[in-house]
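> Test case, fold it:
(chains A and B)
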Amino acid sequence: MMNIINVMTTLILFISLNSSVGLSADPIPDGERYQIKYESIEVNPVDISKNTVKIQPFRVVDRSSLLEKFPCSKCHRDGSIKFIPGKSKLEKAHWNISLRHATDATMDCRTCHSSDDPSKLVLLKGSAVPLSRAYQVCAQCHFKQVEDWTGGAHGKRIGGWTPPRLVQTCTGCHDPHFPIDPKKKNRWPVIKSESSTHSESDSH
Amino acid sequence: MSDQPKSSESKKPCSDDCKQVDRRSMLKVLGTGLLAGVGATSLVAKSVLGENNVSNARMEWEEYFKGSFRLMTDEEKKKTVERLEQLYLNQQGKPVNISEKGAIPGVLYGYAFNISKCRGYMDCVKACVQENNLDRNSNMQYIKIFENKKGSLSLTSANAKYTHEVPVEGSFYMGTQCFHCENPPCVKVCPVEATWKEADGIVVVDYDWCVGCRYCEAACPYFGRRFNWSEPEVPTAEVNSNQHYLGNRMRKKGVMEKCTFCIQRTREGKNPACVEACPTGARVFGNLLDPQSEIRWILANKKVFRLKEELGTEPKFWYYMD
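Okay, the predicted model is just below:
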């Protein structure tokens, strides 16, 4: 369904670009059209890479505030869930997620999610990080991209060019469970009228 | 509306100096005479045209005979902006807010474009048209997106008019617009100094001072300028009312216009509409004088290039790749 909507959006965009009539269907509400307000957290580049220590701290969107199924304690009331792939009774709660990141031999749920606390992510060395600091998990393999993101060459800045700098986090644009989907247009929902086609319910 | 005897009377006292009177002061004298004429006939005009039309006509006269924006005092800038707002309200019934805000000290705007990330969606083009009140009739667009075959970098052979679904396998995409050169050839050739570089590096056009000779269009090596061959048309409901005198305010037939880095947004601290709308994060905008800005990091750490660097125009628009 998502794919169909995304393809339709692309088609509509091209139709509207080539006729003056198409634009009139979507008048611009003055001022804050492209601004979407987010809760944010501070990032210290020292935590990411040795090459980024000279970069001043900046802010990223706190995606956990946007997730429908967050906090995890809504369902995981005892505060823990053991990940036993293929055996969990609760598997259907996350039925819409199919993990297609790297290979099955490389990654499963526990590579990124903490087995002790479902609301936390986990680093390769075992220490837990909050869901909103997903960039620390991504940086373990995709260090080059995260370095560019820390400097400002990769990613999406939000809310203007003046300090303080607020940027979209990795999982704000990339689906960590299925990062490369040739059919899916991983387009960041910028224009409000289009944002309704992008569901926030996937627990990225 | 003009009152012939009155205007010729007002010219009389200068009969000795008339040879030395330049075009501008001549227009001023003429204008004063004509305005006096308007005043004298206002009683008649009021009964024929109605009071609103008289004040409209007066404002139109004052607009017609105003000076160049660069030479205006702050007081004069405020007055012209008020007149333009009032005229648009009277004509279209829609309130607009026109700013005349100057450059922020310590700021020099720069732009970076990631050719590895752009996928040709053209959301930037759409946002630009809406934000800048571009003529819908002629389908005017400041931004061009070129579809290049990977391994080539020739804008003459690239496709800038594609309508197919993007991205196309084996292609990369590259956007152009006004590059706001530090050494802008368009500014040098303007015979009436209606275009200039502001202190924050934005190259602007005074739409009311431009005479439409199009020298600047010919001088620009990047095809960055657009000409209004017809009266620009934007449906009133779609008009972006957040405007700037040197930016997206309504233009008229016969004048040049171009990208202003969304001066009405950027001088308020916002990003240009194209940057804001880009769904891939390929567009980066910022202050070149701020060592902590993203654009400075890109210039220091990424492979960057500019178009036609050999011309010495020093565009403040860099392309980079991952």
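> CA only for contacts and neighbour counts going forward, please
Noted.
> which residues touch the residue of chain A found nearest chain B?
For chain A, the residue closest to chain B is residue A:160, as judged by Cα to the nearest Cα, at 3.8 Å. Taking Cα atoms under 8 Å, 6 or more residues apart in numbering or on different chains, we find residue A:160 in contact with B:266, B:269, B:270, B:271.
> Could you check how far the closest residue to the first one other than its chain neighbours is from residue B:208?
Counting by Cα to Cα, 6 or more residues apart in numbering or on different chains, residue B:266 lies nearest to residue B:272, which is 6.1 Å off, once chain neighbours are set aside. Per Cα to Cα, to the nearest Å, residue B:272 is found 24 Å from residue B:208.
> hmm, back to that, could you report the neighbour count for the nearest residue to the residue of chain A closest to chain B once chain neighbours are set aside?
Closest residue in space to residue A:160, ignoring its immediate chain neighbours: residue B:270 at 3.8 Å, by Cα to Cα, 6+ apart. Neighbourhood size, residue B:270 [other Cα atoms under 10 Å in any protein chain shown]: 23.
> Name the helix or strand for residue B:270, please.
Residue B:270 is part of no helix or strand, with elements assigned from DSSP states H and E.
> bridging residues for residue B:283?
residue B:113 (DSSP bridges).
> Likewise for residue B:205?
Assigned bridge partners for residue B:205, using DSSP bridges, are residue B:195.
> Can you give me the neighbour number for it?
There are 24 residues near residue B:205, going by other Cα under 10 Å.
> Residue B:66 and residue B:59, how far apart?
On the measure of Cα to Cα, residue B:66 and residue B:59 end up 10 Å apart.
> in stretch B:158-175, what's buried?
Residues of stretch B:158-175 classed as buried by neighbour count (16 or more other Cα atoms under 10 Å in any protein chain shown): B:158, B:159, B:160, B:166, B:171, B:172, B:173, B:174, B:175.
> Test my guess that the third one contacts residue B:145.
Yes - counting by Cα atoms under 8 Å, residue B:160 does reach residue B:145; the two are 5.7 Å apart.
> which parts of the stretch 1-150 of chain B sit against chain A?
B:114, B:121, B:122, B:123, B:126, B:130, B:131, B:136, B:137, B:139 (Cα under 8 Å from any Cα of the partner chain).
> ok, back up a step: what's the pLDDT at the residue nearest to residue B:266?
Here the pLDDT value assigned to residue B:272 is 96.
> now do the one 3 residues further on
What the model reports for residue B:275 is a pLDDT of 94.
> How about it, nearest residue that isn't a chain neighbour?
Spatial nearest neighbour of residue B:275, excluding adjacent residues (Cα to Cα, 6+ apart): residue B:283 at 5.2 Å.
> Please list all residues in contact with that neighbour.
B:111, B:112, B:113, B:114, B:274, B:275.
> How is the closest residue in space to residue A:149 that isn't next to it in sequence classified with respect to secondary structure?
Of all residues not flanking residue A:149 in the chain, residue A:155 sits nearest, at 5.7 Å (Cα to Cα, 6+ apart). Following DSSP: H, G, I helix; E, B strand; the rest coil, the label given to residue A:155 is coil.
> burial of residue A:155, as a residue count?
25.
> Distance-wise, check it relative to residue B:309.
27 Å.
> Also residue B:206?
Using Cα to Cα, residue B:206 is found at 27 Å from residue B:309.
> Neighbour count for these two, which is higher?
residue B:206 (21 against 10).
> Who are the contact partners of the more buried one?
Residue B:206 sits next to B:68, B:69, B:194, B:195, B:245, B:246 when contact means Cα under 8 Å, 6+ apart.
> Which of the residues you listed sits closest to residue A:107?
Lowest distance from residue A:107 to these (Cα to Cα) belongs to residue B:246, with 54.8 Å.
> Any regions of chain A where pLDDT drops low?
Chain A contains residues with pLDDT under 70 at A:1-36, A:79-92, A:180-204.
> and with 90 instead?
A:1-40, A:46-54, A:62-105, A:108-110, A:115-119, A:158-159, A:163-164, A:171-204 (pLDDT under 90).
> which SS state does residue B:218 fall under?
For residue B:218, the assignment made with three-state DSSP gives helix.
> neighbours of it, just the number please.
15.
> got it, and residue A:125?
Residue A:125: 6 neighbours (other Cα under 10 Å).
> same check, this time on residue B:291
11.
> What residues of the helix or strand containing residue B:60 count as buried?
Under the criterion of DSSP H and E, residue B:60 resides in helix B:51-64. Residues of helix B:51-64 classed as buried by neighbour count (16+ other Cα under 10 Å): B:54, B:56, B:57, B:58, B:59, B:61, B:62, B:63.
> In CSV, list those residues along with pLDDT and distance to residue A:179.
Formatted as CSV, the buried residues of helix B:51-64 follow (pLDDT from 0 to 100; distance: Cα to Cα, whole Å):
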residue, pLDDT, distance to residue A:179
B:54, 76, 65
B:56, 88, 59
B:57, 91, 62
B:58, 92, 63
B:59, 93, 59
B:61, 94, 61
B:62, 94, 60
B:63, 94, 57
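> okay, these in JSON lines with distance to residue A:124 next?
Formatted as JSON lines, the buried residues of helix B:51-64 follow (distance: Cα to Cα, whole Å):
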{"residue": "B:54", "distance to residue A:124": "77"}
{"residue": "B:56", "distance to residue A:124": "72"}
{"residue": "B:57", "distance to residue A:124": "74"}
{"residue": "B:58", "distance to residue A:124": "75"}
{"residue": "B:59", "distance to residue A:124": "71"}
{"residue": "B:61", "distance to residue A:124": "73"}
{"residue": "B:62", "distance to residue A:124": "72"}
{"residue": "B:63", "distance to residue A:124": "68"}
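> which one among the residues you listed gets closest to residue B:313?
residue B:63 (34.3 Å).
> Tabulate the CA atom coordinates of the helix or strand containing residue A:146 in PDB.
Per DSSP H and E: residue A:146 is located in helix A:143-151. Taking C-alpha atoms only, helix A:143-151 is exported to PDB below (Å, rounded to 0.1, in the frame of the first residue of the first chain):
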ATOM      1  CA  PHE A 143      31.100   5.000  10.300                       C
ATOM      2  CA  LYS A 144      31.800   6.900   7.100                       C
ATOM      3  CA  GLN A 145      28.200   8.000   6.700                       C
ATOM      4  CA  VAL A 146      27.800   8.900  10.300                       C
ATOM      5  CA  GLU A 147      31.000  11.000  10.200                       C
ATOM      6  CA  ASP A 148      29.600  12.900   7.200                       C
ATOM      7  CA  TRP A 149      26.300  13.300   9.100                       C
ATOM      8  CA  THR A 150      28.100  14.600  12.100                       C
ATOM      9  CA  GLY A 151      29.900  17.200  10.000                       C
END
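> if I look at the residue in the stretch 201-322 of chain B that chain A sits nearest to, how far off is residue A:95?
In the stretch 201-322 of chain B, the residue that lies nearest chain A is residue B:270 (3.8 Å; Cα to the nearest Cα). In this structure, residue B:270 and residue A:95 are 40 Å apart, going by Cα to Cα.
> Strands along chain A, start to end?
Assigned by DSSP state E, the strands in chain A fall at A:40-43, A:58-61, A:120-122, A:128-130, A:157-158, A:166-167.
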